[in-house]
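In: structure for the following, please:
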Amino acid sequence: MKFADDQMERLCGRKGQKGIHRATLEQKHGYDTKYAMHVIRLYLEAKEYVETGEITLPNPKVDLLIAIRKGKYKQFEIEEMGKQLEAEAMKAQEKSPLPDSVDLDAITKLITEVYVGFWAS
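Out: You can find the predicted model right below:
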């Protein structure tokens, strides 16, 4: 969720990385609609992952994402959508199938196996 939050802050110009937005989209819509689409996609995927432990591809909300990309929403509506999705994801943590903690040893072992397998071949 933190990554999506950071991206929303960048979209709204409240956090670093100047010049990452597309000037033509900002001129036409007042904000970078492609960047906004990706921000909402991140929130949607985070919410789904917390709720189900999976991410569906292609995204089942593709129509919403395309509408955002085409500028059908104002920037403040994108911000509200992000806040709502974040709140829903946080609430979903109560019933999430995901474990409460991460098995760092298992992750380290998996990454090591992948690297060794790749570089040994």
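In: nearest the geometric middle of this protein, what residue?
Out: In the chain, the C-alpha nearest the mean C-alpha coordinate belongs to residue 42, at 1.3 Å (CA atoms, centre = their mean).
In: and residue 78, which helix or strand is it part of?
Out: If you go by DSSP states H and E, residue 78 is part of helix 75-92.
In: which non-adjacent residue is nearest residue 61?
Out: Residue nearest to residue 61 in three dimensions, not counting chain neighbours: residue 44, with 5.5 Å by CB to CB, 6 or more residues apart in numbering. C-betas here are computed from N, CA, C, even on glycine.
In: for residue 47, that is, sorry about that
Out: residue 89 (4.0 Å).
In: residue 70: neighbour count?
Out: Neighbours of residue 70 under the rule other CB atoms under 10 Å: 11.
In: would you confirm that it contacts residue 34?
Out: No. Contact criterion CB atoms under 8 Å: residue 70 and residue 34 do not qualify, at 10.0 Å.
In: which secondary element of the chain has the worst mean pLDDT?
Out: Least confident element among the helices and strands of the chain, by mean pLDDT, DSSP states H and E: helix 2-11 (a mean of 83).
In: would you mind measuring from residue 97 to residue 57?
Out: Per CB to CB, to the nearest Å, residue 97 is found 19 Å from residue 57.
In: and if you look at residue 84?
Out: 22 Å.
In: go through the helix or strand containing residue 45 and flag the buried ones.
Out: Element membership for residue 45, per DSSP H and E: helix 33-52. Buried positions in helix 33-52, judged by neighbour count with 16 or more other CB atoms under 10 Å: 33, 35-51.
In: what does stretch 55-71 give?
Out: 61, 64, 65, 68, 69, 71.
In: who touches it?
Out: For stretch 55-71, the external contacting residues (CB atoms under 8 Å, 6 or more residues apart in numbering) are 25, 28-29, 33-34, 36-37, 40-41, 44-45, 48-49, 73, 78.
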